[in-house]
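Asks: The following comprises the amino acid sequence and a computationally predicted model.
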Number of protein chains: 2
Amino acid sequence: MASDFIQHINPEEVKAYRSWLQYDFITDKQYKIDMLKYCSHIGCMTQSILIESAVKELQKAFESMFDVQPNVTDDLSSESSIILATDKNIDLAQYDVPSDVLSEINNEGYLIKHVCKENQNHILILGRSDKGILYGTFHFLRLLKNRTSVESLDIIDAPRNQLRMIDEWDNMDGSVERGYSGQSLYYSNHEFRDDFNRITDYARMLSSVGINAISINNVNVWDTETYLISKRFLPKVTEIADIFRAYGIQLFLSINYASPIELGHLETADPLDAGVQQWWGDKVEEIYDYIPDFGGFVVKADSEHRPGPFTYGRDHADGANLLAKAIVPFDGVIIWRCFVYDCLQDWRDRNTDRARAAYDHFEKLEDQFLDNVILQIKNGPVDFQVREPISPLFGAMPKTNQMLELQIAQEYTGQQVDVCYLVPQWKEILDFDTYAHGEGTPIKSVVDGSLYDYKYSGIVGVSNTGNDSNWTGHTLAQANLYGFGRLTWNPDLSTEAITREWVQATFGHDPVVIEKIEFILHQSWQTYENYTAPLGVGWMVNPGHHYGPNVDGYEYDVWGTYHFADRDGIGVDRTVETGTGYTAQYFSPNDKTYNNLESCPDDLLLFFHHVPYTHKLKSGETVIQHIYNTHFQGVEEVESFIRAWDELEDKVDPFRFKNVQERLIKQLKNAKEWRDRINTYFYRKSGIKDEYNRTIY
Amino acid sequence: MASDFIQHINPEEVKAYRSWLQYDFITDKQYKIDMLKYCSHIGCMTQSILIESAVKELQKAFESMFDVQPNVTDDLSSESSIILATDKNIDLAQYDVPSDVLSEINNEGYLIKHVCKENQNHILILGRSDKGILYGTFHFLRLLKNRTSVESLDIIDAPRNQLRMIDEWDNMDGSVERGYSGQSLYYSNHEFRDDFNRITDYARMLSSVGINAISINNVNVWDTETYLISKRFLPKVTEIADIFRAYGIQLFLSINYASPIELGHLETADPLDAGVQQWWGDKVEEIYDYIPDFGGFVVKADSEHRPGPFTYGRDHADGANLLAKAIVPFDGVIIWRCFVYDCLQDWRDRNTDRARAAYDHFEKLEDQFLDNVILQIKNGPVDFQVREPISPLFGAMPKTNQMLELQIAQEYTGQQVDVCYLVPQWKEILDFDTYAHGEGTPIKSVVDGSLYDYKYSGIVGVSNTGNDSNWTGHTLAQANLYGFGRLTWNPDLSTEAITREWVQATFGHDPVVIEKIEFILHQSWQTYENYTAPLGVGWMVNPGHHYGPNVDGYEYDVWGTYHFADRDGIGVDRTVETGTGYTAQYFSPNDKTYNNLESCPDDLLLFFHHVPYTHKLKSGETVIQHIYNTHFQGVEEVESFIRAWDELEDKVDPFRFKNVQERLIKQLKNAKEWRDRINTYFYRKSGIKDEYNRTIY
């Protein structure tokens, strides 16, 4: 049955389209018999659009897995059933469930429990809210797909992060900035698309992994997109909000800071101007008339040529508070991006350090933001490189809400041509100890709000989806979207657990399939790092589109991203004594760890230090030999991915098999180009030969 | 009075628009009185559209210079006049002119002579053809603008080159490939423009410097342009041919080699296929029905992804002869470009040498081309760099017509932002001794046809014009178009003579103006070379658009243009012994001169040799110090251009003054960027300090 939209997908692409929401027919007869007794009836004790979504999902799944069309009832007297209820509309005592069973968890949590009442077995999906029931339903279906025995089910779960958000970088011309999966799901040719069917399936995917917020337009808000908050487009925005609402996802919009001028025809957008304040107040009221549960605004201001408060001599707090005041009566929030730096830097200037920018701009504004402002901070201080240190701004502002921005889109990590599973990277980020409040205060404790008791916080990811039939261009890139959602729900999940869940949900239970795909995914990030920019130095990509190697591509440009390679050495000196002083932005002892050449981790060495090519790493290799070794190795690893994948030819449907196979071949070409250009560049510069005499050009 | 079109030009831009065809009011009263006696009457002894053009030009000039409206008559009995006649329609004996006065010159030549008949003084402009009269008229007007005394005039002149041609690289979408002066004069939005008025003025400009052929579309023939030889566009092409014909300019078209497939719906474009031959025969006949004096086709085949005979296992001679056979009944010619090379080269491959390609492809086909085929050969073996050796193909095919292709458009020489006067470069090219037939066989003797008695030959230039009000973006770039025409007419003209002609015609006679502009122009090519790619190595530009520095921009790319700089040295080894063997393509002794490190000229050193940075040039400088010195010097020279130009603020009309001033400021920025990137790149790589301790980053 699936959604409406799936009818427009070529039959051979349906499995790719269904991503991890496959409900394959269960061939295990005993399991089927065991389950049929529950799955023929859905006891639905509460009514809402969220519950409708949960019921539809159960119906879709049961029909597909068990060939049964369950009847939906609010009468639990007779048959075994799946019971959907909140703790307020069912008498828990009748099921031997303590009435305070959910008291310890937040409003989005749930219980999944095998219960008995009057000799009838049931599976109870109990939420503190209807949203909790929906999440519990998706969780229950995940268990079913894994043939989990339900007899002793007793699971309580709740999300750790408050905002679990997707930022779409979709433009209304239909393009997606840093999109590698086709065109926008929402827009085409400066209008909304005619058909939103596919968005429902997208909402199901997101909701099934716990996403609860989405901003549907690019943070770079161009001319047409400025009108998203006007009558011209708000009716259509409302339709999209309705779709997402049914899956527990709150809608946000990115706004143009100059809207009072562009839309309101005021002469200024000065945040301290009374007319501007009035204009935003009226504008927010208008938006909430359309969308009563509108989430708020995402704002990129005074960054990369976007307008902002600097134009009027105001600071970011002035800028954000203007909007925060306007939206606070409606419980909305302002998500203010900290990706602010000088993008017209002179490469000759070695004093300005882009890595310092976010901290330098924002840390001094501590205590000045209203409490419905959240600072959205990219994980690293520069820009989503394959390897970067953590932004030192995390934890540095106890009184200012912070959230973490990750990039699911693989802008600098292979652009969904090359496989690069980012969950291991995100785990490292979340587990990184900031020492903001002594040892044991990792990033995840900052952004889940627990460390400083933030009113609002969470994790946002830049989407990697588009209208390709498989959503993400590279089918294996679906795992990044899945993993992102799961980690925002629970940052303590292990990479291995997430991968296993995704592979099984997406490709089934064949152990060879699981083994090969897990091998590829778990190795892929390290492999991508191996054949690209070494030791944390980053960049070295082709300017503009950012795919493929170009060692000097940004070296003499305005973007502040340099490696300073010369004939003797390479790296950026960010130490206090002789460099830009960036290391001092970290809490102790991270500051010293990075500042000190001896203690700085190898994988970030060139981010923090300029060293000779002959510098010995902790591994015992020299820097130059490390470059050669990792680059030869990276290519060999891609070759091993190809061999592994080729073994799955008869085990994966042809469309997905070919999709991945074709991209792996392109990846190999890319990896070889990286290997040869990087090795040649550094050989020509250093004059030092590879110890193993491998081919360098 | 000027042309119709000038009415659409802003009044302040009229002088820019008029380029070198200014007819300023003569304020020298005596000169005016002296001239008025001739200029009040035009004796017109022959009738044709060419003569109409000549008369119109005289009328326009006299009205503007002397405020007189001359009467035009075929009765020479009464008054002093300007007489326009061919040697066939006037009795020369009556004027004491020998009847064989023009017997030594070709059909486009003319006599300008002060003559007397029955006590009446006349100025006789005598042509062997009406075209000669038109050229003589423009020559006479040049003299007038320079206040030349006419009493002893006795000039015989004729063009040295047969084809004096402009290649427009205009696309029908309105863009101009490598165009830096606005949009196309002919096309817009995949149609012809509505208004061709401006083309008449363009034809006047071209004719006034002797241009006699033009191809009006890009050698890269895309989808729409393929239809230029079809009924869809031929009526409009005919209108343009009519305009150019009135100024003695023959029209050519660039064609798509796959036209039989694209237009004719044949299954092949194989030159040996009878159906294809028939198709081209019919097609050519159709074109000549529209344009009886159509010149022929320009063809870029099997080059940079354009289709050609290679697809069918045929060679370039097969390809060209197919078209030549079709067009020979109409006296048309086929101009076949030799810009053929592997544009998907692997940078790792050091054996393939793009510089070898034209010679390797074509020399072996000597004697196989029909005699109405002309091979069009770029001046250098690579691509219009600021400094390149001469293509060794010139003179290497005595039995195959050759013509020289120059680029007036400043693709690699500053893109009409930076001033770069190319006449000195072209002079070097034309005077280069090929030794094809012993000493004293320069390029100009090859391409004027005299060396091998070619049936067809000449010089073609890629146009630098567009619909900017001043035609060439940078006003000083008009000098390149002027100088190109004058050199095609007479390659023996000195740079100094051409410059003086142009400056006076364009800016008048103020000695300060002349001095400053000549200073800038004469220095500009050397200056551009100084601050860009050193010692003949070329490239080092930003890929794609080719403006601004990027040392490694093409170093790891597919285009075959590398410098191989490493920590020790730089340059391409093209010697016979250890390199690509390219030097052997030259006649002796050029082959040895280039092959031998000691005799290779400094300015081409890195084109032919890979040398250490410490290699001593003939100047006594090391290579690295030469790089530093020239790059610092180049910037200083641009600063001196700015100072020189600024002195002309009150002497040049505001529009042209500002146009040049603004571009000089941009040029300075560009020059500094070049200086610093080149110096920094080589300092980082070589580790060798500047002897003078100037700032390198």
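Replies: Good, I have the coordinates.

Asks: make it CA atoms for all contacts and neighbour counts henceforth
Replies: Noted.

Asks: Flag every residue of chain A that's near chain B.
Replies: Contact residues (C-alpha under 8 Å from any C-alpha of the partner chain) of chain A with chain B: A:348, A:552-553, A:556, A:565-567, A:677, A:684-687, A:697.

Asks: any chance of the residues you listed in CSV, with secondary structure, distance to residue A:217 and neighbour count too?
Replies: Compiled in CSV, these are given as follows (DSSP: H, G, I helix; E, B strand; the rest coil; distance: C-alpha to C-alpha, whole Å; neighbours: other C-alpha atoms under 10 Å in any protein chain shown):
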residue, secondary structure, distance to residue A:217, neighbour count
A:348, coil, 36, 16
A:552, coil, 32, 23
A:553, coil, 29, 20
A:556, coil, 32, 22
A:565, coil, 38, 24
A:566, coil, 42, 22
A:567, coil, 45, 23
A:677, helix, 37, 24
A:684, helix, 45, 21
A:685, helix, 44, 22
A:686, helix, 46, 23
A:687, coil, 49, 17
A:697, coil, 45, 14
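
Asks: Format those residues as TSV; extra columns: pLDDT.
Replies: What follows is those, written out as TSV (pLDDT from 0 to 100):
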residue	pLDDT
A:348	96
A:552	96
A:553	96
A:556	96
A:565	98
A:566	97
A:567	97
A:677	98
A:684	97
A:685	97
A:686	98
A:687	97
A:697	94
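
Asks: wait, which of the residues you listed is closest to residue B:214?
Replies: Residue B:214 has its nearest neighbour among the residues of chain A next to chain B in residue A:553, at 39.9 Å by C-alpha to C-alpha.

Asks: Just to be sure, residue A:21 is in a strand?
Replies: No - with DSSP: H, G, I helix; E, B strand; the rest coil as the criterion, residue A:21 is assigned coil and is not in a strand.

Asks: Quick check: residue A:378 touching residue A:404?
Replies: Yes - counting by C-alpha atoms under 8 Å, a contact exists between residue A:378 and residue A:404, whose distance comes to 6.0 Å.

Asks: what residues are up against the residue in the stretch 251-400 of chain A that chain B sits nearest to?
Replies: At 5.9 Å from chain B, residue A:348 is the closest residue in the stretch 251-400 of chain A, using C-alpha to the nearest C-alpha. By C-alpha atoms under 8 Å, 6 or more residues apart in numbering or on different chains, the contact list for residue A:348 reads A:556, B:697.

Asks: same question, residue A:32
Replies: Taking C-alpha under 8 Å, 6+ apart as the definition of contact, the neighbours of residue A:32 are A:26, A:66.

Asks: which secondary structure element contains it?
Replies: Following DSSP states H and E, one finds residue A:32 within helix A:29-39.

Asks: which parts of that helix are buried?
Replies: Under the neighbour-count criterion of 16 or more other C-alpha atoms under 10 Å in any protein chain shown, helix A:29-39 has A:31, A:32, A:35, A:36, A:38, A:39 buried.

Asks: same check, this time on stretch A:90-107
Replies: Neighbour count says stretch A:90-107 has A:90, A:92, A:95, A:102, A:105, A:106, A:107 buried, by 16+ other C-alpha under 10 Å.

Asks: hmm, back to that, report the two of the residues of chain A next to chain B separated the most.
Replies: A:348 and A:697 (29.7 Å).

Asks: give me the number of residues near the residue in the stretch 401-550 of chain A that chain B sits nearest to?
Replies: When scored by C-alpha to the nearest C-alpha, the stretch 401-550 of chain A has residue A:550 as its residue closest to chain B, at 8.4 Å. Applying other C-alpha atoms under 10 Å in any protein chain shown, we find 25 residues neighbouring residue A:550.

Asks: right, and it touches residue A:533 too?
Replies: No - assessed by C-alpha under 8 Å, residue A:550 is found out of contact with residue A:533, at 9.8 Å.

Asks: Spell out which residues are contacts of both of those two.
Replies: Counting by C-alpha under 8 Å, 6+ apart, the shared contacts of residue A:550 and residue A:533 are residue A:540.

Asks: dump the residue contacts of residue A:343.
Replies: Under the criterion of C-alpha under 8 Å, 6+ apart, the contact partners of residue A:343 comprise A:303, A:304, A:558, A:559, A:560.

Asks: sec struct for residue A:329, please.
Replies: For residue A:329, the reduced secondary structure class is helix; criterion used: three-state DSSP.

Asks: whoops, residue A:523 was the one
Replies: Per three-state DSSP, the local secondary structure of residue A:523 is helix.

Asks: quick one: residue A:638 and residue A:675, what's the gap?
Replies: Distance, residue A:638 to residue A:675, using C-alpha to C-alpha, to the nearest Å: 12 Å.

Asks: What's opposite the residue nearest the centre of chain A in the beta bridge?
Replies: Compute the mean C-alpha point of chain A, and by C-alpha atoms, centre = their mean the closest residue is residue A:461, 2.8 Å away. Under DSSP bridges, the beta-bridge partners of residue A:461 are residue A:166, residue A:406.

Asks: Hmm, it is touching residue A:406, no?
Replies: Yes - the pair residue A:461 and residue A:406 qualifies as a contact (C-alpha under 8 Å) at a distance of 4.6 Å.
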